[in-house]
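sequence first, predicted model second:
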Amino acid sequence: MKKNTIQVTEPFLPPLEEYVEHLKSIWDRNRLTNDGPLVRELEQKLADRFEIDHVLLVSNGTIALQIAMQALELEGEIITTPFSYVATTSSIVWENCRPVFVDIDAETLNVDANKIEESITPLTTGIIATHVFGNPCDVETIEDISDRHGLKVIYDAAHCFGTTFKGTSIFARGDLSVTSFHATKIFQTVEGGAIFTNNPEMAARIELMRNFGHDGFGKFSGVGINGKNSEMHAAMGLCNLRYIDEVMEIRRNQCSYYSHVLDPVQDVGFQKIFRDSYVIPAYYPILFENEMQLLKVQNTLESAGISPRRYFYPSLNTLDYVSDAPAPVSEDIASRILCLPLYHTLTKENQDLIVAIIEKTLRSV
Ligand SMILES: *Cc1c(COP(=O)(O)O)cnc(C)c1O
């Protein structure tokens, strides 16, 4: 039974018959995982779509980050952003590296590239930056810095399915880019993720790493892990790929409509999109003037059966397992940013209701 509430997001599901067609072919082949034909087909279709040579499907976005760190042999200190999902930081710690937080830009909400250089030490080996809500980081400045200091760059591009910078997919940037195809992302394979590269040696290395290091029967080339994804997951991706342009178009219209109806509302701010970029919004974040406003609006929406979400909260430099360096901009933004519901069946009436509640609540605080 469908619940009568408005969630922050809902997965898009393809017509069941189309998924069942793929299941039948899987049953016929009796091949469930280990680089099956559907995984290969999805990788190829994504490579074509984004014009990137190698797309390596893995089991989720977090293992994608960890394999990317292993593939680039990162160690010591990693410069990163405090404003992201927790997996960006926890992966660094899990890989026995130390996250060094560089504060964010208050407008783009991405790591402030102009503050990176002052945090580089002899122990720094890499930079892991998130394109927050799909908005590209200042990739050119970051590339210049990493070139001059011999650092590797990984982009957490989990929100970037439709993002381009200067006309090409943002997935092509950095030494490696990784993404997530989790059920909450705009393009989903239930669980899943991918690593993108144009470097054939790097791709070969990652292919070994995601499969225990298996290099033919009884032969192992390096330490690996199980980062594979299955035929069932790839089938979901192949079905969704047929609808993703439609899904993204609906999102774009919904976001324009939110912007239109929120325009006259005082005290609400927005993320600034980086120059030369095109972003298909998978999220609709709004900024309040302070946390009190946010909490009041969140409570009022929740009592009306509407669930916005505090993305990202808390600022990652305040996690209890990292050394507590201040990141005042990130902490401030994290305290007053709220993502409004956004999914393909959200109606204009839903959006009108959400904005009316926000407006009314703000007038009363
Ligand atoms: C979703 C997400 C991840 C983690 O991806 P999973 O597939 O859930 O492991 C990492 N970073 C960011 C920014 C994300 O939004």
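Received, thanks.

just give the closest residue to the residue in the stretch 51-200 of the chain that the ligand sits nearest to, not the sequence neighbours.
The nearest approach of the stretch 51-200 of the chain to the ligand comes at residue 61, 2.6 Å away (CB to the nearest ligand atom). All C-beta spots, glycine's among them, are computed from the backbone N, C-alpha and C. Distances taken as CB to CB, 6 or more residues apart in numbering place residue 180 nearest to residue 61, at 2.7 Å, with adjacent residues excluded.

beta partners of the one you found?
residue 193 (DSSP bridges).

check contacts around the residue of the stretch 51-200 of the chain closest to the ligand.
87, 156, 158, 178, 179, 180, 181, 182, 193 (CB atoms under 8 Å, 6 or more residues apart in numbering).

hmm, back to that, quick one: residues contacting the residue nearest to residue 61.
Going by CB under 8 Å, 6+ apart, the list of residues near residue 180 reads 60, 61, 62, 64, 158, 192, 193.

give me that answer again for 10 Å
Contact partners of residue 180, counting by CB atoms under 10 Å, 6 or more residues apart in numbering, are 58, 60-65, 85, 87, 156-161, 187-189, 191-194.

among those, which are in strands?
Within the contacts of residue 180, residues falling in strands by DSSP state E are 58, 156, 193, 194.

for ChimeraX, what selects the buried ones among the residues you listed?
The buried subset of these, as determined by 16 or more other CB atoms under 10 Å, is captured in ChimeraX by this line:
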select :58,156,193,194
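
average pLDDT for stretch 103-111?
Taken as a whole, stretch 103-111 has an average pLDDT of 98.

wait, residue 140 sits on residue 174?
No - taking contacts as CB atoms under 10 Å, residue 140 lies outside contact range of residue 174: 11.8 Å.

residue 238 contacts residue 45, correct?
Yes - contact criterion CB under 10 Å: residue 238 and residue 45 qualify, at 7.2 Å.

residue 140 and residue 174: which is more packed in?
residue 174 (27 against 15; other CB atoms under 10 Å).

what's the separation between residue 124 and residue 316?
Applying CB to CB, to the nearest Å, the value for residue 124 to residue 316 is 18 Å.

have a look at those two and say which one is more surrounded.
residue 316 (27 against 19).

for the more buried one, what are its contacts?
Per CB under 10 Å, 6+ apart, neighbours of residue 316: 80-90, 92, 99, 101, 130, 322, 327, 330-331, 334.

can you tell me which of the residues you listed end up in strands?
80, 99, 101, 130.

also near the ligand: which of these, exactly?
By CB under 6 Å from any ligand atom, the members of those lying near the ligand are residue 130.

got a winner among the ones in strands among the contacts of residue 316 for most neighbours?
residue 80 (29 neighbours).

list the contacts for that residue?
Counting by CB under 10 Å, 6+ apart, the residues that residue 80 touches are 88-89, 91-92, 97-102, 111, 119, 126-130, 154, 156, 316-317, 322.

fine by me, thanks again.
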